[in-house]
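Undergrad: Give me the fold of what follows.
(2 chains)
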Amino acid sequence: MEFGFTKEQEKLRKELHDFYANELPEDISGVPALSKELQDFWMGLQRKAGKKGYLAPGWPKEWGGLGLGHIEVGIANEEEGYWGIAWPDGIGLHIVGPGLHLFGTEEQKKRFLPEISSGEKVWYECFTEPEAGTDEANQQTRAVKQGDKWVINGQKIYITGGYKPDWLYVEARTADTIPKHRGLTLFCVKADTPGVTVTALPCMGGYRANIFYFDNVEVGDDAIVGQINQGFYHVMATFEFERSNTAGAARAKRELQELIQFCRETKRNGKPLIKDPMVRRALAKMAIDIEVLRLAAWRTAWRFGERKRLGPLDFDLTGLFSRLNAMSHPNLKMDILGTYGQLRMGSKYAKLDGSIERGWQVTRSYHYAGTMEAIKIVLAGRVLGLPRIPAKLNTTIMKALQEKEK
Amino acid sequence: MNFELSEEQKMLKKAAREFLENECPESVVRKAEDSDLGYPPELWKKAADLGWLGLIYPEKYGGIGMNILDMAILYEEMGRALFPSPHLSTVVLCGLAILEAGNEEQKASLLPRIARGELVMALALTEPEATWDGKGWLPQGVTMPATPEGNNYIINGVKLFVHDALAADYLLVATRTRKNRRAADGVTLFLVDAKSPGISYTVLRTTAGDKKQCEVVFDRVKVPAKNIVGKLHGGWPTLERVINIGAVLLSAQMVGSAEKAMEMAVEHAKTRVQFDMPIGIHNWVQEYCIMAFADVQGTRNLVYEAAWMLSEGIPCDLEVAMTKARANEACTDAHWQAHQVLAGVGFTTQDGVLPLHTKRGKVWQLYLGETDHWMEKVAQQIEKWPPPEKPKGKPLGIFNVPEDLQAPHWDVWANQIKNKGKLW
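TA: Predicted coordinates:
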């Protein structure tokens, strides 16, 4: 067992740390990147980092990465988290790229991977639908083969992102099968293909999600990633790939450092907040939670490096810890600010630039890549081996309820 | 970063589990509750034969020279089986204090005997009033005086919550030999024969229902000056270090016990049938199992990290404090979750295994620093964290908060859509 890093790893950390420290402007703040100027800045930084191979350090050099191991990737993620960086093309880097690595044709790899690793493009993941949230296999969007074209029709919702996308990674039904997840296929769809339209869906905390509509959108066979009707399995395999999320804990620790500094500088009833036993207790609890999350994330990274594939255990545990923290920490922080906790960014009385209020709002929307309940279902069934309600029984119950309503 | 146990550690874990499953079933634990000694001597002897009692000592003192991380792995298994033994008191708290601070004669005479299982020791540290004031595990808590008298010292006072006192051959006693200084600077450790005239023991009636903890009264007990362990007035740093190590190992023990309780809950959830289905099919029951599982896994990582840092000699006051604070909550939480799942079969004391875990879990939670103590230690460490580093790039002036950000964001978006008619 070993909880430290090698000299080379520390060197890499320093290199990335200094790169971001020098590239990020000193007046940076956590405003959601919605204005043109902000988007230009973040896209610019993404390209710069891409040129150095920092975006996808774990990818082979031929695809624009640095060919580094999983611990090194975890270090890169930690630095991104520390500096509060969320890449415009997070989806391309963490979902599409790994998916193409595993299932893409040589041609697709050549076409897409260098574009993604150099930070030139923005991808969105179009999986979720109004009727396919946690039950992802319940896709209603259809792709039908007509001649040599596939025609896609349907609707995708809660597609996060404020940047203009170049490509969409779409999951659609290509066969009516039982069980449902055996008839899904993945497509790469250019975002400006005729028939693709979009509506914005503003979210808590000022972020933007979207609804994408597909109205007779035509793509060729070359748009298919992996095998036809195997899309669900491809997605699941991709989800288990490269998701150590060491960034979350690094980010959380930085935010806690910020709050501790605030508590040192701010007095209440004539003494610094940090000397208040209740505040100390809250800060200590958060520090411990963050360390638990950090270690779980590192364990995930390590396990992936060792086994080349993740089991459900470590990844889902990291997800559970991060969601538990997301639930409780913003409330604890707001309690420390007292009534001032509710003041938004821009208000003259707001403390810490309103970042805690914003964080509170954002964490209410922390359901992407599976809700806490979805994670618990996985932990209960696949890790602890607890029984599940059989799908057949579900159908019976649904029918009985419908009958009753009539 | 590497979370893999070494081959040696895997072997230790496997051997420990097998040994304890065979030699230390629930009946042994239950029987030990009633004995004055608190443990079966033949089991203690067997543990010595396996090398568990000298695991951490250098070979020249009869040990095997393994480290604290190895020990943590053993402690997990001991917690799982509720191994009734004075291991923590004898081998860790007293033994390591002697190893660190004792003179060559003390080390050579005591440590090999501990390793062979011939000597049991107990740490007499906490005192009634200081513990009540929340200073039990701080140097301020040591007030019992040891006064020089010729070649001897006279110890007079009361120690409370002394674990394994009835079984001990020797007590390691923390005394105050100098006042009016920094509290940490005037504590002296004495090796006291447990049968010395003037010492009396009263068993404390505790949650665990055993005879493990005592009030120890010292009535003008005479101890020769050569029995000082370490430097005169200089005992606290040693105590602080063994408390840290003890707290991490105790946390490992709590993880082991919590894991056993969690496994019992999961097993019960799978097999207990009500309303014609296993109760584990209900999400509410699953929730208990999952949260207990998360408690175990999350705390185990902390334990390993702190134990690794202690083994490597890396400063880790923060990690130790985090570990015991978290273990305190996680272990009792996991026990509680297991009680929810096991319900009726979980609380009968004559045949139930879970109550044995729950009751000891509570005792361990309050031993070597309760949650408040360690939370405050965490706070003392993170208080020193520097503010986060600021980026150094030239300011761009585009991060100013737009005025309309004070309005809810959906208004901003709605306006944008209205005015421009398009989204990007």
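Undergrad: Near chain A, which residues of the stretch 201-350 of chain B? Just list them.
TA: With the criterion set to Cβ under 8 Å from any Cβ of the partner chain, the stretch 201-350 of chain B comes near chain A through B:266, B:269-270, B:277-278, B:280-281, B:283, B:285-287, B:289-290, B:293-294, B:297-299, B:301-302, B:304-305, B:308-309, B:312, B:314, B:318-319, B:322, B:325-326. Bear in mind the C-beta positions are built from the backbone N, C-alpha and C, glycine included.
Undergrad: Check those residues for burial and list the buried ones.
TA: Buried by 16 or more other Cβ atoms under 10 Å in any protein chain shown: B:266, B:269-270, B:278, B:280-281, B:285-287, B:289-290, B:293-294, B:297-299, B:301-302, B:304-305, B:308-309, B:318-319, B:322, B:325-326, out of these.
Undergrad: can you tell me which residues contact residue B:363?
TA: Counting by Cβ atoms under 8 Å, 6 or more residues apart in numbering or on different chains, residue B:363 touches B:206, B:207, B:208, B:212, B:213.
Undergrad: The same query, at a cut-off of 10 Å, please.
TA: Contacts here follow Cβ atoms under 10 Å, 6 or more residues apart in numbering or on different chains; on that basis residue B:363 touches B:161, B:163, B:206, B:207, B:208, B:209, B:210, B:212, B:213.
Undergrad: I'd like these laid out as a markdown table, including pLDDT and secondary structure.
TA: Putting those into a markdown table (pLDDT from 0 to 100; DSSP: H, G, I helix; E, B strand; the rest coil) gives the following:
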| residue | pLDDT | secondary structure |
| --- | --- | --- |
| B:161 | 97 | strand |
| B:163 | 97 | strand |
| B:206 | 95 | coil |
| B:207 | 94 | coil |
| B:208 | 93 | coil |
| B:209 | 90 | coil |
| B:210 | 93 | coil |
| B:212 | 95 | coil |
| B:213 | 97 | strand |
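Undergrad: returning to what we had before: the residues of the stretch 201-350 of chain B next to chain A in helices, which ones?
TA: Judged by DSSP state H, helices contain the following of these: B:266, B:269-270, B:283, B:285-287, B:289-290, B:293-294, B:297-299, B:301-302, B:304-305, B:308-309, B:312, B:318-319, B:322, B:325-326.
Undergrad: Looking at the contacts of residue B:363, state which has the most neighbours.
TA: Ranked by the number of neighbours (other Cβ atoms under 10 Å in any protein chain shown), these place residue B:212 first, at 27 neighbours.
Undergrad: Spell out the secondary structure type for the nearest residue to that one once chain neighbours are set aside.
TA: With Cβ to Cβ, 6 or more residues apart in numbering or on different chains as the measure, residue B:38 is the residue that lies nearest to residue B:212, at 5.1 Å, once sequence neighbours are left out. Classification of residue B:38 into helix, strand or coil gives coil, according to DSSP: H, G, I helix; E, B strand; the rest coil.
Undergrad: likewise residue A:34?
TA: Assigned by three-state DSSP, the conformation of residue A:34 is coil.
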